[in-house]
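Asker: Mind looking at a prediction? Sequence and model below.
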Amino acid sequence: MFKTNNPNTWCAGCPDFMIKAALERAMTALIKEEGWKKEELVLVTDIGCNSKIYDYLDMSAFDGLHGRAIPSAIGINLGNPKLKVIVCAGDGGTYNEGMEHFLHACRYNPDITLLVFNNQVFSLTIGQATSTTEEGFVEKTHPEGVQEKPINPISLALENGASFVARVSALELLHMEEVFKKAIKHKGLSFIDILQPCIVFHNTSDYLKKNTVKIEPAGLEKAKEEASKWSYKTEGQIAIGIFYEERKKTMDEKYLSK
């Protein structure tokens, strides 16, 4: 339903293939189960390896500037709230260039789904550190290792009022599909941080395979506590699943209904 004939330039074995497959499966299932039309689904991307998905899914889409996928998606949502808007962006575009858009989206609760392909580096520009890169990671712009602690996007989203907050592993196809379906159906901002190894510049595959633990949604304070247990380092167990979900008034309900 969503396949294209465009040549794929992702690295062989890249987890982006798994994320794309999970998203395709989720959207196809929702069309069948909910009676949605394919034309009601809209993809928004910006720049990065992740955003090449724009070429690999046959659907309505908008490809914009690096770090500006969220405001583009909000504009589409406010222009036509009936559309199901799905953002595919990277950790660099979302937590570096687009951090202000991310935080305010959590506050305003637009009815969009935000999938962040978080490999903890700028992969397309060959491996520079982002806001989620672990302390001590060595790359060309940090030859002595990253000196700053990584941010925790899950904690930031919860503290700023996001109504659906989740984390998944790109190595677990069926779990991703399940969470993606729930996120797209959710009314409000659905934020999913997708932990994915970059097999060239930041390969965390073995660590992710051995250390993920599935969780169920909890109340806000419990979700915050759970989010704080892993600080985006390469040690300790990683909670994956939906941390928090609540139906809140959406941005379009607040500003377009008057």
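Answerer: Ah, there it is.
Asker: residues touching Lys185, list them.
Answerer: Contacts for Lys185 (Cβ atoms under 8 Å, 6 or more residues apart in numbering) come out as 30, 34. Where C-beta positions appear, they are placed from N, C-alpha and C, glycine not excepted.
Asker: For it, give its distance to Gly48.
Answerer: Per Cβ to Cβ, to the nearest Å, Lys185 is found 26 Å from Gly48.
Asker: Over to Leu158?
Answerer: Taken as Cβ to Cβ, the span from Leu158 to Gly48 is 25 Å.
Asker: now swap in Phe180 and tell me
Answerer: According to Cβ to Cβ, Phe180 stands 19 Å off from Gly48.
Asker: mind checking how far the longest helix along the chain is from the chain centre?
Answerer: For the chain, the helix with the greatest residue count under DSSP state H is helix 16-34. What separates the centre of helix 16-34 from the centre of its chain is 15 Å, taken as Cα atoms, centre = their mean, to the nearest Å.
Asker: where does the stretch 101-250 of the chain have low pLDDT?
Answerer: Nowhere does the stretch 101-250 of the chain drop to pLDDT under 70.
Asker: hmm, back to that, give me the more crowded residue out of Phe180 and Gly48.
Answerer: Per other Cβ atoms under 10 Å, whichever of Phe180 and Gly48 has more neighbours is Phe180, with 27 against 24.
Asker: got the buried residues for the one helix or strand the more buried one maps to?
Answerer: Phe180 is part of helix 173-185 when elements are defined by DSSP states H and E. Across helix 173-185, burial judged by 16 or more other Cβ atoms under 10 Å covers 173, 175-185.
Asker: What of stretch 1-13?
Answerer: Phe2.
Asker: Contact partners for Ser205?
Answerer: If you count contacts by Cβ under 8 Å, 6+ apart, Ser205 has them with 171, 197, 199.
Asker: how near is it to Glu24?
Answerer: With Cβ to Cβ as the criterion, Ser205 and Glu24 are 22 Å apart.
Asker: for Ser131, same thing?
Answerer: Counting by Cβ to Cβ, the gap from Ser131 to Glu24 is 29 Å.
Asker: mind listing the helices for this structure?
Answerer: For the chain, the helices defined by DSSP H cover 16-34, 53-56, 69-79, 91-92, 99-108, 153-159, 173-185, 205-211, 220-227, 251-255.
Asker: Go through the last one and flag the buried ones.
Answerer: Neighbour counts over helix 251-255 (16+ other Cβ under 10 Å) mark 251-252 as buried.
Asker: Could you export it as CSV, CA atoms only?
Answerer: What follows is helix 251-255, C-alpha atoms only, in CSV (Å, rounded to 0.1, in the frame of the first residue of the first chain):
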residue,chain,number,x,y,z
MET,A,251,-4.2,22.7,20.2
ASP,A,252,-6.9,22.8,17.4
GLU,A,253,-9.6,22.3,20.0
LYS,A,254,-8.3,25.2,22.0
TYR,A,255,-7.8,27.7,19.2
